[in-house]
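1. below: sequence and its predicted model.
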Amino acid sequence: MVAKYKTVKPSFTIITIVFYYMLAKIEQYVLVSSFLTIFHSIVTCKKFYYMLVNYDIMPKPITNKEREKIIKHKQNNENETDIAQWLSISQSTVTKLWAQYRKTGTYLPNYENCGRPSKLSEAQIDQIKAEVNKNPDRTLLEIIEMFDLKISESGLSKVFKKLGLTFKKRCSMQTTKKDVM
């Protein structure tokens with residue numbers, strides 16, 4: 001069974017204790033000023049700082065069961081601070097989830113607006129589909145130049161893959177049998 005440690009937020013007292021412990025180990029007073037400079041640069045380094053206090057940089061996302069519990073407790077008029085402490089999450093998470101539930105009626109995460117928006121509009125995608133169906137021998141570069149698209153060849157290739165379209169990769173490839181006849 002793995003013990004689960006509760007993460008603590010960084011505090012000045014922890015840094016002070018470590019500082020005095022390290023000072024006690026240094027016997028030469030000449031090194032104290034250079035030690036202070038080095039210690040300050042180490043503490044300002046985020047990676048060491050978070051390692052020092054065992055603090056997670058990015059919190060874990062809450063599960064749907066936890067979301068459901070938050071909503072049930074908020075419907076019972078419980079305090080947001082108490083709910084946050086009980087689930088070991090921030091109070092702002094509880095507040096945002098409750099606001100989302102009141103606005104949308106659901107506590108589930110919204111994945112509709114995730115990711116980078118497409119560089120191609122729906123109209124451009126429809127034009128590309130029509131052109132590829134009409135002339136399947138066009139290369140990616142020819143399609144980009146034809147429609148004056150602001151997208152790379154690899155980006156257009158990914159769009160084709162999502163749409164289930166095939167394409168000619170190079171000008172030197174043979175044409176389809178339909179064009180030869």
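-> Yep, it's here.
2. dihedrals phi and psi, T139?
-> phi -90, psi 170 (degrees, to the nearest 10).
3. can you list the domains in the protein?
-> When the chain is parsed with automatic domain parsing, its domains come out as 12-53, 64-104, 122-171.
4. ends of the second one, how far apart?
-> With Cα to Cα, to the nearest Å applied, domain 64-104 spans 16 Å between its terminal residues.
5. quick one: low-confidence parts of this structure?
-> Scanning the chain for pLDDT under 70 picks out 1-59, 167-181.
6. could you rerun that using 80?
-> 1-60, 111-114, 166-181 (pLDDT under 80).
7. that one: helices as residue ranges?
-> 12-25, 32-44, 46-53, 64-75, 80-87, 91-104, 122-134, 140-147, 153-163, 177-180 (DSSP state H).
8. can you read off the backbone torsions of P117?
-> Torsion angles, degrees, to the nearest 10, at P117: phi -70, psi 150.
9. for it, give its distance to K69.
-> 34 Å (Cβ to Cβ, to the nearest Å). The way it works is simple: take the backbone N, C-alpha and C, and place the C-beta from them, glycine included.
10. for K103, same thing?
-> Distance from K103 to K69, by Cβ to Cβ: 19 Å.
11. out of the two, which sits in the busier spot?
-> Neighbour tally, K103 and K69, criterion other Cβ atoms under 10 Å: the higher count belongs to K69, 16 against 8.
12. count the neighbours of N64 for me.
-> 10.
13. any idea how far K65 is from the closest residue to it other than its chain neighbours?
-> Nearest residue to N64, sequence neighbours excluded (Cβ to Cβ, 6 or more residues apart in numbering): L108, at 6.4 Å. Between L108 and K65 the computed distance is 12 Å (Cβ to Cβ).
14. before we move on, what about K74?
-> For K74 relative to K65 (Cβ to Cβ), the value is 15 Å.
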